[in-house]
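K.L.:
Here's my sequence, what's the structure:
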Amino acid sequence: MPQYLISTYIPENFDPSLVTEATVEAIHALNKEMIAAGVRKFACGLSPKAVTMRSQPNGEVVVTDGPYLEAKEFVGGLSILETENLDEVLAWLRKGAKALQGVVEVREIFFVPAPAEN
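P.N.:
Now for the predicted structure:
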């Protein structure tokens with residue numbers, strides 16, 4: 001079955017102290033429902049702090065503070081769902097649209113098997 005990466009975006013001025021208990025309960029309820037249905041494989045929130053590593057043409061690696069891309073939003077959480085198809089993922093996400101209160105991006109995860117050893 002295909003797996004999908006769900007990325008939740010939140011604005012750079014996001015204040016976690018303003019998240020209501022009702023919102024947290026709605027997110028937990030949706031997660032419990034997805035676990036019971038066997039579609040949720042992984043979920044987590046992410047810190048807004050990031051470190052970026054970029055390899056240089058001379059072989060050195062430069063490490064900098066902050067996300068790689070400058071944006072007004074950042075990835076605040078991610079989940080991996082395993083469903084029959086994209087329509088099923090979207091149905092699950094519609095259930096949580098109010099609780100998530102932001103932009104959600106869905107991408108299918110492509111697996112490339114390692115070559116068999118001779």
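
K.L.:
which residues touch Lys98?
P.N.:
Contacts for Lys98 (Cβ atoms under 8 Å, 6 or more residues apart in numbering) come out as Ala26. For the C-beta atoms, the positions are set from N, CA and C on the backbone; glycine is no exception.

K.L.:
Could you give the secondary structure assignment for it?
P.N.:
helix (DSSP: H, G, I helix; E, B strand; the rest coil).

K.L.:
separation between it and Ala29?
P.N.:
According to Cβ to Cβ, to the nearest Å, Lys98 and Ala29 sit 12 Å apart.

K.L.:
Going along the chain, name the helices of the chain.
P.N.:
Secondary structure of the chain (DSSP state H): helices at 21-37, 86-100.

K.L.:
quick one, which of those is packed in tightest?
P.N.:
Ranked by mean neighbour count, the helices of the chain are led by helix 86-100 with a mean of 15 (mean count of other Cβ atoms under 10 Å).

K.L.:
wait, doesn't Val39 sit right on Trp92?
P.N.:
Yes: using Cβ atoms under 8 Å, Val39 is in contact with Trp92, at 6.6 Å.

K.L.:
Touching both of the two, which residues are there?
P.N.:
Joint contacts of Val39 and Trp92 (Cβ under 8 Å, 6+ apart) are 81, 83.

K.L.:
Format the helices of the chain as a markdown table; extra columns: distance to Gln56 and mean pLDDT.
P.N.:
Listed next are those as a markdown table, based on distance: least, Cβ to Cβ, whole Å; pLDDT from 0 to 100:
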| stretch | distance to Gln56 | mean pLDDT |
| --- | --- | --- |
| helix 21-37 | 40 | 93 |
| helix 86-100 | 38 | 88 |
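
K.L.:
so the residue nearest in space to the middle of the chain bridges to which residues?
P.N.:
By Cα atoms, centre = their mean, the chain has its centre lying nearest to Leu78, at 1.8 Å. In this entry, Leu78 is beta-bridged to Ser7, Cys44, by DSSP bridges.

K.L.:
That one and Pro57: what is the separation?
P.N.:
Applying Cβ to Cβ, the value for Leu78 to Pro57 is 31 Å.

K.L.:
returning to that earlier point: show me what contacts the residue nearest to the centre of the chain?
P.N.:
Counting by Cβ under 8 Å, 6+ apart, Leu78 has contacts 5-8, 42-44, 46.
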